[in-house]
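K.L.:
I'd like to go over a predicted model; first the sequence, then the structure.
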Amino acid sequence: MPIDANSYCPGGTGKKIKFCCPDHLPEFREIERMMEGEQFKACLQYVEQLRTKPGNEDRLCLMSYQATLLRINGQAEAYYSFMDEFLKKHPTSQGALGEMVLGCINKDDLDAAMEYLQRGLAEAKGQLSMHIYQAIRSLVEANLMQSRWMPARQLLHLLLYVNQRDEGAAQMLLEGMRSPTIPLEMKAEYSVTPPQNAPWREEFVKAVEPMGYGYTAGTVELLKALVEKYPAVPEILLQTAVSQAYLGRNDEAQKNLRLFASKTSNYDDAVEAEALAMYLVDDSLGDFVDVVRAEWTVEDAEKATEALLSDHRCHALPIHPGAFADQDQPPPKGMYVLLNRAPNDDAATDNYPIALGQLFLHGKQTDRDARLELVGLTEREFKEVALPIVQQIVGSCLSGEYRQTILGQISSMLEMAGPRYFFPNSTPPEKRLALETAYRRQAMTEKWPKTPLGRLDGKTLLEASADLKMQMRVAAVVAVLENKMIAIGDEGDCGELKALLKLPAETPIDPTQTPVKSVRVTRLARVDAQKLSDEDLQYSLRRADSVSFTEAVMKFGEEVLRRNNRQDVSAFAETCVLLARAAKDPKKTVEYVQRGREATKDLPQFCGMWDLQELTALLNMQELDKVVELINHVMGHHSKEQQVMVSLQQLLMQVGLLRPDGTFAFQPQGQQGGMASATPQPAADTGGLWTPDAAAPPSGGSTGGSKLWVPD
């Protein structure tokens with residue numbers, strides 16, 4: 001929209017131009033015209049010239065434009081020097097403070113960005129300028145990029161409070177709340193309602209008022225004073241800690257959460273506070289180990305290739321040049337899965353080899369020698385297991401010592417619970433699932449209890465559980481482990497581990513005694529579903545689904561189906577969708593899809609939805625013939641349904657059957673103008689479908705093939 005006298009001042013005063021700086025409207029129009037045309041350098045010069053005129057040197061609107069243009073032009077040194085001047089002359093300006101938030105984000109200093117934003121919100125008192133609004137959005141995105149959910153969540157709520165029609169903010173909040181990688185404790189509400197007769201009630205209510213317009217830092221300062229005045233009140237500690245977490249002040253939040261856990265008389269509250277404190281740091285359990293990459297210089301790449309291909313502990317993967325198109329180097333000469341031993345030819349055996357990591361053999365380049373890279377192992381596993389194998393296979397082709405680089409860190413508890421069996425394609429899905437389940441169960445009940453953890457002061461779970469003073473902390477550790485397992489796609493059932501550690505049983509919740517709307521979302525699965533009214537049951541089901549609490553979704557959903565029995569077809573179908581999405585067993589997903597199909601057989605608008613749900617299950621079961629058949633059906637019957645086709649494309653890209661350019665990752669056979677009669681031809685013994693974090697799709701054919709139709 002063109003700028004006019006009724007537009008708000010570009011300096012962030014909150015006033016319209018006609019009441020603020022009407023004499024500069026022509027200049028503003030010229031600046032906006034140049035910025036829209038991306039003439040940023042010329043525009044910066046124009047603004048700098050305007051500021052040389054008498055009376056313009058300290059004009060807020062022109063300084064705001066200059067700051068933005070310096071940042072856009074990438075003049076970092078000049079930008080930060082100018083911002084010092086800008087803030088000295090206009091220390092309370094929303095425009096200056098909002099711009100400084102963006103500057104701190106550019107420096108990747110999110111803590112400083114939050115502090116400047118809080119200063120801006122304190123000045124705004126709920127009347128946000130566009131500068132502050134845009135700063136909030138940018139800080140949300142930066143926090144999400146760094147997995148800082150608590151600050152991002154609070155800011156998203158603020159955006160929606162200011163503008164309920166902000167669809168982008170609503171979508172980001174919805175996706176975050178539904179993400180399985182974010183634990184329930186970080187999705188829960190921790191608002192405190194003081195008792196009517198509490199002596200601290202009035203001061204507490206006044207303390208939380210600034211948070212109502214986003215000034216959480218003001219609330220924290222007032223609450224800290226209350227903590228000193230009423231040190232025996234755990235509720236004030238809890239509100240203080242959660243408010244600090246919303247600001248990203250995780251060290252302070254952890255301290256107060258653990259202090260709250262030590263003071264509260266409610267065991268469940270204490271466990272959840274301890275768990276939340278653990279989530280506020282990357283190394284939640286104090287058990288991180290390094291994941292490394294090892295690199296060797298290769299003297300003879302051809303000889304190394306021959307050695308790798310001839311050893312059954314190296315499984316060759318097909319190379320797709322397109323997968324390396326965005327890299328400034330040619331694709332590797334060879335890619336391999338390194339196994340701890342050769343596969344057993346006996347199909348009846350359960351003793352499958354373990355995939356250690358991936359090997360990449362790169363040929364000689366103009367500026368680099370040929371090299372061999374091994375990635376994806378912990379440091380211990382590399383040195384104790386993988387290194388001797390590599391030396392046995394290609395040691396004579398290598399020159400000098402290996403070079404080791406730390407790629408990241410991983411929880412040792414999760415690493416030992418993650419089975420990496422290398423299955424032949426002929427292995428039935430049921431057998432894979434059974435072996436992987438047994439592997440995880442053994443890790444949970446035999447390895448986990450005997451592993452020392454930093455969060456338990458170096459004690460094991462068994463040792464700490466024997467100490468009554470540490471039992472609550474042990475329960476929090478187990479809760480964290482459950483959530484981490486769920487985040488990587490496991491059911492996260494630690495029932496056997498809890499029994500082994502003799503942890504207190506979870507108390508069922510009777511909704512006739514405790515209203516379900518007052519139950520914290522972390523405890524929904526404890527609610528007796530049969531005692532809920534129909535209205536509260538539907539509320540509980542939707543609430544559980546909104547945070548991807550699958551255990552609760554299954555419990556409430558089954559009760560809805562039992563009561564509904566197709567009396568309300570739409571409600572029955574909706575519940576089947578939620579159950580199909582929540583079911584961990586793909587066979588159960590298919591079962592719910594079939595029940596939904598039957599109930600809606602006279603409602604064709606549901607067909608595409610059921611097809612996609614079933615396709616997800618078939619992909620998980622690796623029933624590739626049925627997958628191809630169903631893809632053909634969807635493309636043939638739903639090609640004009642844009643939402644269905646977009647969802648199909650996203651699903652196939654997610655599991656690696658479709659490349660980003662729209663071509664299939666396998667070579668269709670008998671194809672005529674589409675997917676008809678297509679049959680995927682994965683390379684033998686790939687161990688299953690390719691996934692996005694794997695080296696390459698299991699394709700035995702070319703990179704060409706049919707393109708999936710994508711709506712315009």
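P.N.:
Sure, I can see it. What you see is a predicted model, and the numbers here were worked out from it, not measured in a lab. Numbers count the residues shown, from 1 in each chain.
K.L.:
in the chain, which spans are strands?
P.N.:
Ranges of strands within the chain are 288-298, 314-317, 334-339, 355-362, 371-378, 398-411, based on DSSP state E.
K.L.:
could you give the angle of the third one to strand 371-378?
P.N.:
With axes from the mean of the first three to the mean of the last three C-alpha atoms, to 10 degrees as the criterion, the two stretches strand 334-339 and strand 371-378 enclose an angle of 40 degrees.
K.L.:
And for the longest one?
P.N.:
Inter-element angle recorded for strand 398-411 and strand 371-378: 30 degrees (by the same axes, to 10 degrees).
K.L.:
Strand 398-411 pairs with which strands, parallel or anti?
P.N.:
Here strand 398-411 is paired, per DSSP bridges, with strand 288-298 (antiparallel).
K.L.:
which ones are touching the residue lying closest to residue 103 once chain neighbours are set aside?
P.N.:
Closest residue to residue 103 apart from its sequence neighbours, by C-beta to C-beta, 6 or more residues apart in numbering: residue 83 at 5.8 Å. Quick note: C-beta positions are derived from backbone N, CA and C, even for glycine. Contact partners of residue 83, counting by C-beta atoms under 8 Å, 6 or more residues apart in numbering, are 67, 96, 99-100, 103.
K.L.:
Contact partners for the nearest residue to residue 456 once chain neighbours are set aside?
P.N.:
Distances taken as C-beta to C-beta, 6+ apart place residue 464 nearest to residue 456, at 4.4 Å, with adjacent residues excluded. Shown in contact with residue 464 (C-beta under 8 Å, 6+ apart): 456-457, 470-471, 473-474.
K.L.:
Which of these has the largest number of neighbours?
P.N.:
Neighbour counts for these, by other C-beta atoms under 10 Å, peak at residue 474, which reaches 27 neighbours.
K.L.:
hmm, who's touching stretch 109-122?
P.N.:
Looking at what lies outside stretch 109-122 - C-beta under 8 Å, 6+ apart - the contacts are 94, 97-98, 100-102, 104-105, 128, 131-132, 135-136, 139, 142-143, 146, 148, 151, 210, 213-218, 247-249.
K.L.:
same check, this time on stretch 378-389
P.N.:
289-292, 294, 313, 338, 340, 356-357, 374, 377, 402, 404, 406, 410, 412, 415.
K.L.:
Can you select the buried ones from those in PyMOL?
P.N.:
In PyMOL, this line selects whichever of those come out buried by 16 or more other C-beta atoms under 10 Å:
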select buried, resi 289+290+291+292+294+313+338+356+357+374+377+402+412+415
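K.L.:
which of the contacts of stretch 109-122 are buried?
P.N.:
94, 97-98, 100-102, 104-105, 128, 131-132, 135-136, 139, 142-143, 148, 151, 210, 213-218, 247-249.
K.L.:
Excluding sequence neighbours, find me the nearest residue to residue 315.
P.N.:
Nearest one to residue 315, counting by C-beta to C-beta, 6+ apart, is residue 337 at 4.3 Å.
K.L.:
Does the one you found touch residue 420 like I think?
P.N.:
No. Assessed by C-beta atoms under 8 Å, residue 337 is found out of contact with residue 420, at 9.7 Å.
K.L.:
the more surrounded of those two?
P.N.:
Using other C-beta under 10 Å, the more surrounded residue of residue 337 and residue 420 is residue 337, with 23 against 18.
K.L.:
Next up, the contacts around the more buried one.
P.N.:
The contact partners of residue 337, by C-beta under 8 Å, 6+ apart, come to 314-315, 317, 355, 357-359, 422, 687, 695.
K.L.:
Next one: residue 79 relative to residue 70, how far apart?
P.N.:
In this view, residue 79 and residue 70 are 4 Å apart by C-beta to C-beta, to the nearest Å.
K.L.:
Poorly predicted segments of the stretch 551-700 of the chain, please.
P.N.:
660-662, 664-700 (pLDDT under 70).
K.L.:
Tell me where it has helices.
P.N.:
For the stretch 551-700 of the chain, applying DSSP state H, counting those that start in this stretch gives helices covering 569-582, 586-599, 607-621, 624-637, 642-655.
K.L.:
who wins for proximity to residue 29 among these?
P.N.:
Closest approach to residue 29 among the helices of the stretch 551-700 of the chain (C-beta to C-beta): helix 642-655, 39.5 Å.
K.L.:
what does stretch 13-25 contact?
P.N.:
3-9, 11, 28, 59-62, 93-95, 124, 127, 129.
K.L.:
Just the buried ones among the residues you listed, please.
P.N.:
Neighbour counting with 16+ other C-beta under 10 Å marks 3, 7-9, 11, 28, 59-62, 93-95, 124, 129 as buried within the contacts of stretch 13-25.
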